[in-house]
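requesting a structural model of the entry that follows:
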Amino acid sequence: MDSQILQTEYSEVMKKSYIDYAMSVIIARALPDVRDGLKPVQRRVLYDMHELGIKYDKPYRKSARIVGDTMGKYHPHGDSSIYDSLVVMTQDFKKGIPLIDGHGNFGTMEGDGAAAMRYTEARLQKITQDAMLSDLDKDVVDFMPNFDETEQEPTVLPCRFPNLLVNGSEGIAVGMATNIPPHNLGEVIDACKAYLRNPDITTAELMKYIKGPDFPTGGIVVNQSELKEIYETGVGKIKVRGRVSVEECKGGKVNVVVTEIPYTMIGNNIGKFLTDVVSLIENKKTNDVTDMSNQSGKDGVRIVFELRKDANPQNFINLLYKKTRLEDTFGFNMLAIADGRPETMSLKRVIEENVKFQFEVNTRKYRKLLEKELEKKEIQEGLIRAVNIIDLIIEILRGSKDRQMAKACMTEGKVDGINFKSKESKIMAMQLDFTEKQANAILDMRLYKLIGLELEALFNENEETLLNISRYTDILENRTSMSDVIMADMDALKREFGRPRRTDIEDAEEIILEEKEAEIIDVVFLMDRFGYAKIIDVPTYERNKEAADAENRYIIPLKSDGKICIFTDTGVVHTVKVKDLPFGRFREKGTPIDNVSNYNSDQERFLYLSSQEDLRYSRLVFVTAQSMMKLVDGSEFDVSKKTVAGTKLADGDTLVSVSKLDDRKNVILKTKDGVFLRFLLDEVPEKKKAAVGVRGMKLSGKDQIDEVYFVEGTGDSVVEYNGKSIDLMSKIRAGHRDTKGTKIRS
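Below you'll find the model as predicted:
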């Protein structure tokens, strides 16, 4: 074969491939269809259960069977995504109306996962069977081949209510995401009926029926006045609070009880909520709590906080709303697939699309029903006519050699080969013109149908068929009649499956928290050699002093409202508030200092740490690699910014040492080449932090300062140098600042 090389622009190939991939994720996986409110995997699970006959009134079947069958026939993307989808459709704390009836452990509101699919069982819910799958045999939706073209699957389910609103949806596609909250079934149906009566209805008028989201977890939506804009645009933020009550107990104590949580707290966020409350207690934000317990179970959420006798329960409730996720924000983004493309829709647009879909489904349904009734009418009329001339029919049947001869006589009047008793019978037979369907029905008719009661039933059936034809024709030709049918179907759903609203909608006042000023106590800052820092109180430090001193590189006593100042070799000072550091047990690891400050351990290193309070009454000695020196009053670093300049550095220069000035009078500078210079600290002038300073030693070539020693006498001047201990005070004679030093050879 001749090979042919096709040259194309690489960027064009990548662009086309990425767009194809993105659209596949958007349309075929991540976003729901506005018509039935389902993603493809959800639709396939429900349809497969319908095909397997796992109906609401039949026994449960293993989830693994459902998942395997769905994956093999319709959704070849792995069993985990299919089972996860099945699990979510069973959870009454996530869905306004669960679509699948689960039997077994399907997870909890607190974040416990479902059991493996080999342990759980499932079947369809009644509403799913009745309102989403019941009319599939009436050609109401289009079908398409599955992934390997061995099966047919529906492109959409004929859902008879706006499932997108009732159950909500969430999904992340490529470059877009959807997040739609659940709503109340009864309210949504009432809004659809209002739209059917008046297609020009406004969003504000629709909101007389749909008050707002109706979360399965209850709670309170507190920004009612903003909902109109959210529903008009399809995007916005809904503020949700948990429901809290106060219970009086014996002894004058009260309990604050959380009975409903925000929808966003479903899952591990309940554990996070409890952890946040513990942090508030440990950080002394509240001292009102004597005990707390999570008593949640099958009956719902119940988180109990026992308060002190003198506690203000309302202030504690405000603290929970303000400092934890008991008041949270739900990001509303009504994005769905409409007419084959993603679209952010308003409330009215969603209802409009659903009603339009109801008309399409019902048009196809009643057209199919009308076809069947017309076919029945044709057969019934043939049978009635045959009964009236039954003697002739019997004569034709007895005189025919086979079925085809009798059928030809009844449909075309052909009498050749048929033996008749009389000439009159033959003439009458020649005038017969039954249709083929009528002829087949007559030939298949049993003799008992000639009984009087059976004949009466045939005539009654025909009357009923004529009434059905009249009714179906009216529905198909009259929009008002079609609307009445749709509304009647929705009313039936509301009566059977509707439930009271669980989420309250109101405009609540902003939470005002009267925070007590935290008690200022003496604490100790600890940081180990890996940069993990924490705060402990003084008694805890005293009890663990030996271990604390051995395990930590920096130990700084300070006040609980103080700050730690970190001087680095880049010439900047980072500040860290004590309250931003974890406070508690000695054996806790702490938090990396990088996480609570602007310090970057990859780009700078520690030179000196001090409490800001201690700096106020100190003077610091700065020494750079290029031998620039100065004294700076520590009060200059009493600032509120997280990062400030500690000193001014020349190009290419770095800080080598920052030290607190004490009673030691001598400073010894050492260079990388082993040159030492000793002089009195009195020769170093005091400068502002923005100054460069003065030269401490004359350096040769590219030599740099790498060590700085502060000494008082011979007792504290012994250092290790090139593997030997030397006494700097005796080895190096006193000199003056800005002179050359003495080289010590090993």
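
select the longest helix from this structure.
If you go by DSSP state H, the chain has its longest helix at helix 347-388.

which strands or helices does that helix pack on?
Secondary-structure packing of helix 347-388 (3 or more Cβ pairs under 8 Å, 6 or more residues apart in numbering; DSSP states H and E): helix 163-167, helix 185-197, helix 203-206, helix 227-233, strand 335-338, helix 436-444, helix 452-477, helix 479-497. Bear in mind the C-beta positions are built from the backbone N, C-alpha and C, glycine included.

could you give me the average pLDDT of the helix or strand following it?
Using DSSP states H and E, the helix or strand that directly follows helix 347-388 along the chain is helix 390-399. Per-region confidence: helix 390-399 scores 83 on mean pLDDT.

flag every buried residue along the helix or strand hosting Glu542.
Per DSSP H and E: Glu542 is located in helix 538-543. Of all the residues in helix 538-543, those buried under the rule 16 or more other Cβ atoms under 10 Å are 540-541.

and the next helix or strand past that helix?
With elements assigned by DSSP H and E, the helix or strand that comes after helix 538-543 is helix 545-551.

what comes up buried for that next one?
In helix 545-551, counting by 16+ other Cβ under 10 Å, buried: Ala548.

give me the sheet partners of the helix or strand following it and which way each runs.
Heading C-terminal from helix 545-551, the first helix or strand you meet, by DSSP H and E, is strand 554-559. Strand 554-559 pairs in its sheet with strand 522-527 (antiparallel), by DSSP bridges.

quick one: distance of the strand it pairs with to the chain centre.
39 Å (Cα atoms, centre = their mean, to the nearest Å).

right, and Leu157 touches Tyr47 too?
Yes. Shown here, Leu157 and Tyr47 form a contact pair, counting by Cβ atoms under 8 Å, at 7.0 Å.

now the helices and strands packed on helix 347-388 in JSON lines, with mean neighbour count?
Shown next, in JSON lines, are those (neighbours: other Cβ atoms under 10 Å):
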{"stretch": "helix 163-167", "mean neighbour count": "27"}
{"stretch": "helix 185-197", "mean neighbour count": "21"}
{"stretch": "helix 203-206", "mean neighbour count": "16"}
{"stretch": "helix 227-233", "mean neighbour count": "18"}
{"stretch": "strand 335-338", "mean neighbour count": "22"}
{"stretch": "helix 436-444", "mean neighbour count": "16"}
{"stretch": "helix 452-477", "mean neighbour count": "14"}
{"stretch": "helix 479-497", "mean neighbour count": "16"}
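
got JSON lines for these, with mean pLDDT and distance to Lys534 too?
Below are these laid out as JSON lines (pLDDT from 0 to 100; distance: least, Cβ to Cβ, whole Å):
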{"stretch": "helix 163-167", "mean pLDDT": "95", "distance to Lys534": "46"}
{"stretch": "helix 185-197", "mean pLDDT": "96", "distance to Lys534": "51"}
{"stretch": "helix 203-206", "mean pLDDT": "94", "distance to Lys534": "53"}
{"stretch": "helix 227-233", "mean pLDDT": "95", "distance to Lys534": "43"}
{"stretch": "strand 335-338", "mean pLDDT": "91", "distance to Lys534": "44"}
{"stretch": "helix 436-444", "mean pLDDT": "86", "distance to Lys534": "89"}
{"stretch": "helix 452-477", "mean pLDDT": "87", "distance to Lys534": "74"}
{"stretch": "helix 479-497", "mean pLDDT": "94", "distance to Lys534": "54"}
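
redo the ones you listed as a markdown table? Include distance to Met14.
Converted to a markdown table, the helices and strands packed on helix 347-388 look like this (distance: least, Cβ to Cβ, whole Å):
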| stretch | distance to Met14 |
| --- | --- |
| helix 163-167 | 34 |
| helix 185-197 | 43 |
| helix 203-206 | 42 |
| helix 227-233 | 34 |
| strand 335-338 | 25 |
| helix 436-444 | 60 |
| helix 452-477 | 51 |
| helix 479-497 | 47 |
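
let me see the domain layout of the chain.
The chain resolves into domains spanning 31-159, 243-325, 361-493, 517-564+574-599, 618-746 when parsed by automatic domain parsing.

any idea which of those is most buried?
The highest mean neighbour count among the domains of the chain, using mean count of other Cβ atoms under 10 Å, belongs to domain 31-159: a mean of 19.

ends of that one, how far apart?
17 Å (Cα to Cα, to the nearest Å).

for Asp638, which of the helices and strands packed on helix 347-388 is the nearest?
Closest to Asp638 of the helices and strands packed on helix 347-388 is helix 227-233 (Cβ to Cβ; 46.8 Å).

that closest one: how far from the chain's middle?
Centre-to-centre, helix 227-233 and its host chain are 21 Å apart (Cα atoms, centre = their mean).

I'd like to know which elements it is packed against.
helix 203-206, strand 235-241, helix 347-388.

would you format these as TSV with distance to Ser293 included?
TSV is the format used below for the helices and strands packed on helix 227-233 (distance: least, Cβ to Cβ, whole Å):
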stretch	distance to Ser293
helix 203-206	43
strand 235-241	21
helix 347-388	41
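
out of the ones you listed, which comes closest to Glu121?
Here helix 347-388 is closest among the helices and strands packed on helix 227-233 (Cβ to Cβ), at 31.0 Å.

do you know how far the closest residue to Asn440 other than its chain neighbours is from Ile521?
Closest residue in space to Asn440, ignoring its immediate chain neighbours: Lys407 at 7.4 Å, by Cβ to Cβ, 6 or more residues apart in numbering. Applying Cβ to Cβ, to the nearest Å, the value for Lys407 to Ile521 is 106 Å.

could you do Lys298 as well?
For Lys298, the distance to Ile521 - Cβ to Cβ - is 44 Å.

got it, and Ser700?
Here Ser700 is placed at a distance of 53 Å from Ile521 (Cβ to Cβ).

now do stretch 379-386: everything it contacts.
With contact meaning Cβ atoms under 8 Å, 6 or more residues apart in numbering, stretch 379-386 is reached by 393, 434-435, 437-439, 441-442, 445, 449, 458-459, 461-462, 465.

return the member of those residues nearest to Ile230.
Using Cβ to Cβ, these come closest to Ile230 at Thr465, 50.6 Å.

so Met428 sits against Leu392, correct?
Yes. At 5.5 Å, Met428 counts as touching Leu392 under the criterion of Cβ under 8 Å.

was I right to think Lys58 contacts Glu121?
No. Lys58 sits out of contact with Glu121 when judged by Cβ under 8 Å, with a separation of 11.5 Å.

pull the contacting residues for Gln431.
Counted by Cβ under 8 Å, 6+ apart, Gln431 has contacts Gly413.

and it, how close does it get to Val387?
Distance, Gln431 to Val387, by Cβ to Cβ: 17 Å.

quick check: closest non-adjacent residue to Tyr472.
Leu370 (4.2 Å).

now do the contacts for the one you found.
469, 472-473, 476.

please identify which pair of those residues lies farthest apart.
Top of the distance list for the contacts of Leu370 (Cβ to Cβ): Ile469 and Leu476, 10.6 Å.

then stretch 561-571 to CSV, C-alphas only?
Output of stretch 561-571 as CSV, limited to C-alpha atoms (Å, rounded to 0.1, in the frame of the first residue of the first chain):
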residue,chain,number,x,y,z
ASP,A,561,-1.6,38.8,72.8
GLY,A,562,1.9,39.3,71.6
LYS,A,563,3.9,38.8,68.3
ILE,A,564,7.0,36.9,67.3
CYS,A,565,9.5,38.8,65.1
ILE,A,566,11.5,36.7,62.6
PHE,A,567,14.7,38.3,61.2
THR,A,568,16.0,36.5,58.1
ASP,A,569,19.1,36.7,55.9
THR,A,570,17.2,38.6,53.3
GLY,A,571,17.0,41.7,55.5
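
contacts for that stretch, please.
Under Cβ under 8 Å, 6+ apart, the answer for stretch 561-571 is 518, 520, 525, 533, 556, 558, 573-579, 593, 597, 599, 603-613, 615, 620, 637, 645-649, 654-656, 658.

could you do stretch 348-363 as well?
Contacts of stretch 348-363 (Cβ under 8 Å, 6+ apart): 34-35, 135, 140-141, 156, 158-162, 164-165, 188, 191-192, 195-196, 199, 201-203, 206, 231, 234, 334, 336, 338, 343, 345, 475-476, 482, 485-486.
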